[in-house]
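**Student:** could you look at this predicted model? Sequence included:
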Amino acid sequence: MQLTILGGGGFRVPLVIDSVAGSRDRVDIDEIVLHDLDLGRLQVIAAVAAAQLGGRTDAPRVRIETDLRTAVESADVIFSAMRVGGTQGRVRDEQVARDLGLLGQETIGPGGLAYALRTVPVVDGVARLVAEVAPQAWVVSFTNPAGLVTEAMRTHLGDRVIGICDTPIGLLRSAARALRLPQREVTGDYLGLNHLGWLRSLDHQGADHLPSLLADRDLLLRLDEAALYDVEWLQAVRCLPGEYLHYYEQGAAREQTGPGRAEFLAAQQAAFFDAGSSGDPAQRWKATLAERENTYMADARTREHTDLSGGQREGGGYHEVAVDLMAALLTGTPAWMILNLANDGVIPALPDDAVIEVSAHVDDSGARPAGPHAPLTLEQLGLVTSVKASERLVIEAARTGSRELAWRAFAEHPLVRSPDLGRTLLDGYLAAEPLLREVLDA
């Protein structure tokens, strides 16, 4: 079977390749096709992969492609991990907001909306082509902002596209570790949007263990997420918010000084890729990855975290989530996961075709929300509906080229809430980002 990775020149792609290669007993992928428009980056990642897979007698073949049609037409599953505009686009996404005293983050608030505006036309084109030449393929999307992009791709692919993120399952497994429960046996009621969700139960062998966790301060301090939240706040809200909720709770009031995350990663990746395939690219990649992961959310943590000399945070990265999903879809082995799926009535206040992030059952027929789901609180619902409104305005703006809709999307986002700021943001992004001018001048 063939796996195609769109964005195959991405820095973290070797994690996916290693995870797929180590899972052939679960799902027999014998060929991995890396697609990217940047041949130089593809060649570097292919060199890292060759070193990773060297000596493995059952290693899948890896080939590179710059032609999209060729890359996808024979695929059984497609991982979409594109970054439209590259790392410099991410720098601009974050900096325009920071210059206005707003949150500068690639998926949350203004930065995420700007990222989506230039990404939606591209993923629309990809999804239309996949529907034409590879209707048999499952598409697993982790192109950010993941929920919004999945919603756009569903227009063309319907239930054949499923969005993933590693943060919800990381939260669940963090809670399981704190209680010393077997991580792979624990499920829960998780609901919200991508990077905006809450774990409301922690279920193992028919019992909900979340109340006992919330009642014990010492246990809560074991959570990875305890470095982001006041423990008393977790007890007050009676659930576990995902780590990105920290940005909403702090908003623009959190001082942002020094270089942003995007600037750090852009410089780091430029140094890695500029060195090409010289020396030992696999060792350089591993060292660069460890540095990247050890600085993840460093600006937001209030306590020290464990050193990640192995280069990965605990809880299962997105590469593991993607392989778990692929195995369930291609083999029919049932799985419980947290995924980005069509709402279909789970949150009554949202349209049925709106994509939400929700606990789900998966097999070879696809993925379905795994209820019952407790209603969101009014506070949670207000935030979810407000963010979803901005997301849907962005999708429509990107498809129509409407600057008015884009302005409304920025202005009505809960981290902006100002027509004046919304207009200033839009003007700033149009001045900074050539790709965005192409979209909104269409």
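**Tutor:** Cool, got the structure.
**Student:** grab the nearest non-local neighbour of residue 26.
**Tutor:** The shortest distance from residue 26 to any non-neighbouring residue, by C-beta to C-beta, 6 or more residues apart in numbering, is to residue 327 (4.5 Å). For every residue, glycine as well, the C-beta is placed using N, CA and C.
**Student:** right, and residue 262 touches residue 96 too?
**Tutor:** No - in this structure, residue 262 is not within contact of residue 96 by C-beta atoms under 8 Å, at 11.1 Å.
**Student:** stretch 43-63: which residues count as buried?
**Tutor:** Using 16 or more other C-beta atoms under 10 Å as the test for burial, stretch 43-63 gives 43-49, 51-53, 59-60, 62.
**Student:** in helices, which of those residues appear?
**Tutor:** Among the buried residues of stretch 43-63, DSSP state H puts 43-49, 51-53 in helices.
**Student:** residues touching residue 215, list them.
**Tutor:** residue 235 (C-beta atoms under 8 Å, 6 or more residues apart in numbering).
**Student:** can you read off the pLDDT for it?
**Tutor:** Confidence at residue 215, expressed as pLDDT, is 96.
**Student:** could you do residue 263 as well?
**Tutor:** At residue 263, pLDDT is 89.
**Student:** element containing the nearest residue to it once chain neighbours are set aside, please.
**Tutor:** Residue nearest to residue 263 in three dimensions, not counting chain neighbours: residue 91, with 5.6 Å by C-beta to C-beta, 6+ apart. Residue 91 belongs to helix 86-99 when assigned by DSSP states H and E.
**Student:** with residue 326 instead?
**Tutor:** helix 318-331.
**Student:** tell me the helices and strands packed up against that helix.
**Tutor:** Here helix 318-331 touches helix 13-21, strand 77-80, strand 138-141, strand 335-342, strand 355-363, strand 366-369, going by 3 or more C-beta pairs under 8 Å, 6 or more residues apart in numbering; DSSP states H and E.
**Student:** any chance of those in TSV with mean neighbour count as columns?
**Tutor:** Shown next, in TSV, are the helices and strands packed on helix 318-331 (neighbours: other C-beta atoms under 10 Å):
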stretch	mean neighbour count
helix 13-21	22
strand 77-80	26
strand 138-141	26
strand 335-342	24
strand 355-363	24
strand 366-369	19
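**Student:** so can I have a markdown table of these showing distance to residue 266 and mean pLDDT?
**Tutor:** Formatted as a markdown table, the helices and strands packed on helix 318-331 follow (distance: least, C-beta to C-beta, whole Å; pLDDT from 0 to 100):
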| stretch | distance to residue 266 | mean pLDDT |
| --- | --- | --- |
| helix 13-21 | 17 | 95 |
| strand 77-80 | 22 | 98 |
| strand 138-141 | 23 | 98 |
| strand 335-342 | 27 | 98 |
| strand 355-363 | 28 | 98 |
| strand 366-369 | 34 | 97 |
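**Student:** how about these in CSV, adding distance to residue 160?
**Tutor:** Listed next are the helices and strands packed on helix 318-331 as CSV, based on distance: least, C-beta to C-beta, whole Å:
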stretch, distance to residue 160
helix 13-21, 20
strand 77-80, 10
strand 138-141, 6
strand 335-342, 12
strand 355-363, 13
strand 366-369, 8
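**Student:** residue 170: which of these is closest?
**Tutor:** With C-beta to C-beta as the criterion, residue 170 lies closest to strand 335-342 of the helices and strands packed on helix 318-331, at 9.7 Å.
**Student:** now for the residue nearest to the spatial centre of the chain: which residues touch it?
**Tutor:** Centroid check for the chain by C-alpha atoms, centre = their mean gives residue 165 as the closest residue, at 4.2 Å. The neighbours of residue 165, taking C-beta under 8 Å, 6+ apart as the test, are 142, 146, 194-195, 318, 321, 338, 340, 357.
**Student:** just flag the most distant two among those residues.
**Tutor:** It's 195 and 321 that sit farthest apart of these, by C-beta to C-beta, at 14.5 Å.
**Student:** just to revisit the earlier point, what residues are up against the residue nearest to residue 263?
**Tutor:** 260, 262-263, 266.
**Student:** for the stretch 101-250 of the chain, which spans come out with low pLDDT?
**Tutor:** The model of the stretch 101-250 of the chain has no residue with pLDDT under 70.
**Student:** switch the cut-off to 80
**Tutor:** For the stretch 101-250 of the chain, the stretches flagged by pLDDT under 80 are 250.
**Student:** now the helices for it?
**Tutor:** Remark: helices assigned in the stretch 101-250 of the chain by DSSP state H, counting those that start in this stretch are 110-133, 146-157, 167-178, 210-214, 217-220, 231-237, 245-250.
**Student:** residues contacting the last one, please?
**Tutor:** So the one you mean is helix 245-250. For helix 245-250, contacts defined as C-beta under 8 Å, 6+ apart pick out 103, 105, 108-109, 196-198, 228-229, 254, 300, 383, 414-415.
**Student:** please identify the most buried of the helices of the stretch 101-250 of the chain.
**Tutor:** helix 146-157 (a mean of 26; mean count of other C-beta atoms under 10 Å).
**Student:** tell me what that helix is packed against?
**Tutor:** By 3+ C-beta pairs under 8 Å, 6+ apart, helix 146-157 packs against helix 110-133, strand 138-141, strand 161-163, strand 335-342, strand 355-363, helix 378-400.
**Student:** show the subsequent helix or strand relative to the last one.
**Tutor:** Yep, that's helix 378-400 we're talking about. helix 403-412.
**Student:** wait, the residue nearest to residue 26 touches residue 27, no?
**Tutor:** Yes - Residue 327 lies in contact with residue 27 (C-beta under 8 Å); the separation is 4.2 Å.
**Student:** where's residue 157 relative to residue 370, distance?
**Tutor:** Relative to residue 370, residue 157 is positioned 22 Å away (C-beta to C-beta, to the nearest Å).
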